[in-house]
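Trainee: Predicted model, plus sequence, below.
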Amino acid sequence: MNVVRKCKEVSGFKLYAFCLMTNHVHMLIQAGDEPLEIVFRRIGSSFVKWYNQKYERTGHLFQDRYRSENVENERYFMTVLRYILQNPMKAGLESSPGKYKWTSYRAYEKGIGSITDTEYAESIFGSRDNLLTFCKEENDDTVPDEDDYAWRIKDDQAIDIMKQISNCSSVSEFQLLDRKIQKNYVRDMFLEKLSVKQISRITGMPRTTVDREVKRIDPAALLERKSIQFHESDESAFTYGDDEIW
């Protein structure tokens with residue numbers, strides 16, 4: 001976040017929302033003095049330099065260049081904003097928006113911090129309360145997300161995982177199982193890092209049902225699902241406070 005803040009000062013972009021996940025980041029950005037290509041080149045090169053020095057490694061850190069999509073109207077802006085702020089909840093890292101530390105949600109909820117530009121979004125909704133109500137709503141928002149990218153678990157791998165867990169290798173076989181057993185397996189598959197969309201696709205279960213079962217998973221088990229574990233010594237390396245950033 002220190003890198004993003006410094007690059008923001010140089011590049012002059014607006015940052016309407018961000019969410020740091022365990023192996024990628026979502027950002028809702030309006031370019032300013034520099035085009036996005038240069039913005040992300042600045043952020044990427046600065047972060048990789050810091051990361052490689054800290055962890056005594058060399059070489060590339062990111063698998064691919066950034067991916068972007070134009071947000072061409074206010075309605076889609078609202079959808080993307082909610083998608084980003086709900087991403088940790090849908091990935092099982094929090095039970096409701098705002099509990100996960102590494103997003104812009106706190107900036108909108110509490111009105112503190114300096115890195116998220118909240119004024120434009122609040123003007124669209126008319127008030128902060130209206131914005132937060134919208135961001136808490138259950139939805140089936142569709143925007144390009146991690147399910148579409150190569151670094152996610154492929155469906156053939158996902159089916160292998162489903163077979164290991166349930167002894168089923170197809171939708172038809174899974175649908176023959178007892179409903180209660182199906183739900184237990186769904187939770188097990190999510191803990192093996194399959195996404196909600198993917199589980200729905202390979203099992204034939206409605207996405208809303210899968211999402212409901214995922215939300216029933218013990219939070220302690222969800223913590224184990226994260227692909228990167230930080231230790232107390234890592235936290236001490238950060239030189240800022242929450243209020244300063246959010």
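Mentor: That came through fine.
Trainee: ok, Gly204 - contacts?
Mentor: Applying C-beta atoms under 8 Å, 6 or more residues apart in numbering, we find Gly204 in contact with 171-172, 174-175. (C-beta placed from N, C-alpha, C; glycine too.)
Trainee: Kindly write the PyMOL command that selects the buried subset of those.
Mentor: A single PyMOL command suffices to select whichever of these are buried according to 16 or more other C-beta atoms under 10 Å:
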select buried, resi 174
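Trainee: Of all residues in this protein, which one is nearest the centre?
Mentor: Asn87 (4.0 Å; C-alpha atoms, centre = their mean).
Trainee: Could you list the buried residues of the longest helix along the chain?
Mentor: Within the chain, and with DSSP state H defining each element, the longest helix by residue count is helix 36-55. Buried residues in helix 36-55, defined by neighbour count with 16+ other C-beta under 10 Å: 39-44, 47-48.
Trainee: what are the phi and psi values for the residue lying farthest from the centre of the chain?
Mentor: Checked against the mean C-alpha position of the chain, the extreme residue using C-alpha atoms, centre = their mean is Leu176, at a distance of 33.1 Å. When read as degrees, to the nearest 10, the backbone of Leu176 gives phi -80, psi -10.
Trainee: For the chain, just list every one of the strands.
Mentor: With DSSP state E, the ranges of strands along the chain come out as 14-20, 25-30.
Trainee: quick one: pLDDT of the residue farthest from the centre of the chain?
Mentor: Per-residue confidence (pLDDT) for Leu176: 95.
Trainee: Contact partners for Glu37?
Mentor: Counting by C-beta under 8 Å, 6+ apart, Glu37 has no contacts.
Trainee: Could you rerun that using 10 Å?
Mentor: Contacts here follow C-beta atoms under 10 Å, 6 or more residues apart in numbering; on that basis Glu37 touches 31, 65-66, 68.
Trainee: which of those residues are buried?
Mentor: For these, burial is judged from neighbour counts taken by 16+ other C-beta under 10 Å, and it is met by none of them.
Trainee: Nearest to His24 among those residues?
Mentor: For the contacts of Glu37, the residue nearest His24 by C-beta to C-beta is Tyr66; the value is 9.7 Å.
Trainee: Quick check: the two most widely separated of the contacts of Gly204?
Mentor: Checking the contacts of Gly204 against each other with C-beta to C-beta, the farthest-apart pair comes out as Ser172 and Phe174, at 7.4 Å.
Trainee: one step back: which of the strands of the chain sits most buried?
Mentor: Neighbour counts averaged per stretch over the strands of the chain are highest for strand 14-20, at a mean of 20; criterion: mean count of other C-beta atoms under 10 Å.
Trainee: and the angle from that strand to strand 25-30?
Mentor: 170 degrees (axes from the mean of the first three to the mean of the last three C-alpha atoms, to 10 degrees).
Trainee: Isn't Gln157 up against Leu194?
Mentor: Yes. A contact is recorded between Gln157 and Leu194 when judged using C-beta atoms under 10 Å, the distance being 9.1 Å.
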